[in-house]
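Chemist: Let me see the structure of the following:
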Amino acid sequence: MPFADTPILDNHFVRLEPLSLSHEQDLIAAVKVDDLWKVWYTHIPSPETMSKVISERLDLQAKGTMAPWAIIDQISGKAVGMTTFMNLDPANRRVEIGSTWLGNASQGTLINPAAKLLLLSRAFEELDCLAVEFRTHWHNRQSRAAIEKLGAKQDGVLRNHILLENGTVRDTVVFSIIESEWNTVRFALQERLKDGL
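Modeler: Next up is the predicted model:
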């Protein structure tokens, strides 16, 4: 099963569907709330670059190096963010869940853990991954806390890892969930979501 495939994944809270240009207007509306794209320590498309970013992700999928999804809120039926499998490594049965963002209105809801349950289930149960990785900026404390809350463990920090367009240097925090931890992580996520049903 190709790691770059993007089947529809859904549960009570969220639907992950193959990213397409048809999601552009919803995604623009999501980033416009509080000018989300202006956050300095992460890469969130601006309204003006949304179409370009969607096309870039689709080009990477065509090359077999990324699996991009739109994150659809099941209640509103609207796209509220994007996520991907990236750094696909079928030979070593690894993927990274990354290039993920959610509009401010969806942050702090059950949409993120519900989406991660779907992605992790696909990675471990369909793609037979040995490990799933997450990376974030050292200064993105909200993202770091959310990743830890999923049950991922910190592997380390890549110091002076990436030069950003604003002239700063990103220290990248690397987390992972490994195959032997999946049952516990899955149970914890299911219990967390049960309160929202």
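
Chemist: In this structure Tyr24 contacts Ser51, no?
Modeler: Not Tyr; residue 24 is Glu. Yes - Glu24 is within contact range of Ser51, at 5.5 Å (criterion: Cβ atoms under 8 Å). Heads up, the C-betas are built off the backbone N, CA and C, glycines and all.

Chemist: Show me which of the two is the more surrounded one.
Modeler: Glu24 (19 against 14; other Cβ atoms under 10 Å).

Chemist: so how far is Trp40 from that one?
Modeler: The spacing between Glu24 and Trp40, counted by Cβ to Cβ, to the nearest Å, is 24 Å.

Chemist: Helices along the chain, start to end?
Modeler: With helices called from DSSP state H, the chain shows them at 24-32, 50-62, 111-121, 141-150, 182-194.

Chemist: which residues of this structure fall in strands?
Modeler: Under the criterion DSSP state E, the chain contains strands at 9-10, 14-18, 66-73, 79-89, 94-102, 131-137, 153-163, 169-178.

Chemist: between the ones you listed, which one is nearest to Leu36?
Modeler: strand 94-102 (7.4 Å; Cβ to Cβ).

Chemist: contacting residues around the residue nearest to Glu133 when sequence neighbours are not counted?
Modeler: Excluding the flanking residues, the one nearest Glu133 by Cβ to Cβ, 6 or more residues apart in numbering is Glu96, at 4.2 Å. Neighbour list for Glu96: Phe85, Met86, Asn87, Val132, Glu133, Phe134, Arg135 [criterion: Cβ atoms under 8 Å, 6 or more residues apart in numbering].

Chemist: will you turn the residues you listed into CSV that also has neighbour count, pLDDT and distance to Arg141?
Modeler: Formatted as CSV, the contacts of Glu96 follow (neighbours: other Cβ atoms under 10 Å; pLDDT from 0 to 100; distance: Cβ to Cβ, whole Å):
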residue, neighbour count, pLDDT, distance to Arg141
Phe85, 26, 98, 24
Met86, 21, 98, 22
Asn87, 14, 97, 23
Val132, 28, 98, 21
Glu133, 20, 98, 19
Phe134, 23, 98, 14
Arg135, 22, 97, 15
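
Chemist: ok, so of those, who is nearest Pro45?
Modeler: Distances from Pro45 to these, taken by Cβ to Cβ, are shortest for Met86, at 15.5 Å.

Chemist: measure that closest one to Gly64 for me?
Modeler: Between Met86 and Gly64 the distance is 12 Å, computed by Cβ to Cβ.
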